[in-house]
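1. Starting from these lines, generate the structure:
(one chain, ligands or ions: 2)
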Amino acid sequence: MTLSKKIILITGGAGFIGSHLTRLFVNKYPGYQIVNLDKLTYAGNLENLKDIEGKPNYIFVKGDIEDMNMVKKLFTKYRFTGVLHCAAESHVDRSITDPLAFVKTNVLGTVSMLQVTKDYWKDNYKGKLFYHISTDEVYGSLRETGYFTEETAYDPRSPYSASKASSDHFVRAFYHTYHLPVIISNCSNNYGPFHFPEKLIPLCIHNIINNKPLPIYGKGLNVRDWLFVEDHVRAIDIIFHKGKPGETYNIGGHNEWKNIDIIKELCRQMDIKLGRKKGTSGKLITFVKDRAGHDLRYAIDATKLKKKLGWKPSLQFEEGLAKTIDWYLNNNEWLNDVTSGAYKTYYDKQYGL
Ligand code: NAD
Ligand code: TYD
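-> Numbers count the residues shown, from 1 in each chain. Ligands and ions are numbered 1, 2, ... in the order given. Below is the predicted model:
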């Protein structure tokens, strides 16, 4: 769609996916004004955006999406024509220990954003778009076969996915009830630079570097469909500009891996990069207690996005993983910074390893 003024509010732009999205929009569209609203929780880090912080079309605002008065003031000040809503609590394990935090940010926060946006745009929706970034986890868990399509019924099973499913329902409710122009995309697991090292791949990269155990839940047989983060934000860019309001788009790389196989591939590549003897890092693999309610398999059918909007992933997984490992090895300071302080408390509580 064509945006009339191109003043875009990105929420959660200091997080993993948000920072890649913000960087892409700031660099690719110098004519757009990009405002990044982020609360800077444990997962938000302005270091992720160091390379663009001085750009004239980029502004950072620290704040909470639940603070409707503050968000209203931002709308009045900047007159946004588009919203890319990325802010969320995103870690399943944290949702198991503190589900309410997920209801607050993911449900109440999203409804607050929708309400303020609708109130500000209601007299003229033309050229406006509220884009909600969501996850494939809303569809629940697959057995060995089959894929999630845009028609798959929602069946969330963790507090995280339940909160994201709820936020998706509210986004659609605002479309049907108030005609707010919205788009939702549901993406599979992302990996890449700036991924917070609580999630499987960066956690294991960090632990391999430090010769610490690699905690694999259960038998490591759960399957995830991995997509390089830059391919995800490229898809968001295409959908934001060419997608149809009211529609949903699934994003995924047709790249399914059992957890144990990913970790073995990671160990193989890192032994070479770290100059370690073949098999050294693999000895760190440690099977630990399974995650409660652990979804067996996620797999996305992204045919609609490919056929209607012409997107396709650019990287093969082994190549993306190599790029990711190199980034972490070259950005040791970032890794050390984010794993100091509160991270240690979380890690000890979660794993006690
Ligand atoms: P993240 O946890 O790395 O980042 C979330 C960001 O939101 C952080 O910068 C945090 O400070 C900010 N934030 C949290 N609560 C906030 C609040 N109340 N107000 C303002 N800012 C707040 O998450 P991510 O992995 O980058 O995920 C971003 C979005 O993409 C989420 O909506 C997530 O559900 C979705 N998603 C993630 C994946 C994945 O694999 N990581 C896959 C599909 C979809
Ligand atoms: P994660 O990166 O937390 O993403 P999600 O739960 O959203 O898919 O986990 C990916 C997979 O890795 C998931 O099946 C859980 C598993 N896992 C482990 O085996 N050990 C760990 O320490 C973590 C964090 C995840």
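2. For the stretch 101-250 of the chain, which residues are neighbours of ligand 2?
-> Residues of the stretch 101-250 of the chain that fall close to ligand 2, judged by Cβ under 6 Å from any ligand atom: 189, 199, 200, 203, 215, 216, 217, 222, 224. Quick note: C-beta positions are derived from backbone N, CA and C, even for glycine.
3. Low-confidence stretches in the chain?
-> Along the chain, the model assigns pLDDT under 70 to residues 1-5.
4. try 80 this time
-> 1-5, 353 (pLDDT under 80).
5. Show me the helices in it, by range?
-> In the chain, the helices defined using DSSP state H lie at 16-28, 68-78, 92-97, 99-102, 109-121, 159-178, 200-209, 229-242, 259-273, 303-309, 317-330, 332-338, 342-351.
6. near ligand 1, which residues of the chain?
-> Residues of the chain lying near ligand 1 (Cβ under 6 Å from any ligand atom): 11-12, 14-18, 38-41, 43-44, 64-66, 86-90, 105, 109, 133, 135, 164, 187, 189-190, 196.
7. switch the cut-off to 5 Å
-> Within reach of ligand 1 by Cβ under 5 Å from any ligand atom, the chain has these residues: 12, 14-17, 38-39, 41, 43-44, 64-65, 86-88, 90, 105, 109, 133, 135, 187, 189-190.
8. Cross those against strands and list the overlap.
-> 38, 133, 135, 187, 189, 190 (DSSP state E).
9. For residue 294, state which of the residues you listed is nearest.
-> residue 189 (13.9 Å; Cβ to Cβ).
10. Quickly note the distance from residue 104 to residue 83.
-> Separation of residue 104 from residue 83 (Cβ to Cβ, to the nearest Å) stands at 19 Å.
11. before we move on, what about residue 260?
-> 39 Å.
12. dump the residue contacts of residue 239.
-> 131, 183, 185, 249, 305, 309, 311 (Cβ atoms under 8 Å, 6 or more residues apart in numbering).
13. what's residue 320 in contact with, if anything?
-> 191, 192, 226, 228.
14. ok, which pair from those residues is furthest apart?
-> So, the contacts of residue 320 by Cβ to Cβ: farthest apart are 192 and 226, at 9.7 Å.
15. Which one of those two is surrounded by more residues?
-> residue 192 (24 against 21; other Cβ atoms under 10 Å).
16. Apart from its neighbours in sequence, what residue is nearest the more buried one?
-> Leaving out its chain neighbours, the residue that sits closest to residue 192 by Cβ to Cβ, 6 or more residues apart in numbering is residue 229, at 3.6 Å.
17. the more surrounded of residue 104 and residue 83?
-> With neighbours defined as other Cβ under 10 Å, residue 104 and residue 83 compare such that residue 83 has more, 25 against 16.
18. Identify the residue spatially nearest to residue 52, adjacent ones excluded.
-> Residue 52's closest residue in space is residue 26 (Cβ to Cβ, 6+ apart), at 4.8 Å.
19. From residue 18, how far out is the one you found?
-> 12 Å.
20. Please say which of these two ends up with more neighbours.
-> Between residue 26 and residue 18, counted using other Cβ under 10 Å, residue 18 has the larger neighbour count: 28 against 24.
21. hang on, isn't that one packed against residue 38?
-> Yes - counting by Cβ atoms under 8 Å, residue 18 does reach residue 38; the two are 7.1 Å apart.
22. which neighbours do the two share?
-> In contact with both residue 18 and residue 38: 11, 12, 44, 87, using Cβ under 8 Å, 6+ apart.
23. Now the first one: closest residue in space, sequence neighbours ignored.
-> Spatial nearest neighbour of residue 11, chain neighbours left out: residue 87 (3.8 Å); criterion: Cβ to Cβ, 6+ apart.
24. List the residues that contact the one you found.
-> So residue 87 contacts 11, 12, 15, 18, 37, 38, 39, 65, 105, 109 (Cβ under 8 Å, 6+ apart).
25. Pairing partners for the residue in the stretch 251-353 of the chain positioned nearest to ligand 1 in the sheet, please.
-> Nearest to ligand 1, among the residues of the stretch 251-353 of the chain, is residue 251, at 7.9 Å (Cβ to the nearest ligand atom). Listed by DSSP bridges, the beta-bridge partners for residue 251 are residue 187.
26. Counting neighbours, what do you get for it?
-> 29.
27. With residue 174 as the reference, measure out to the residue nearest to residue 192.
-> On the measure of Cβ to Cβ, residue 229 and residue 174 end up 27 Å apart.
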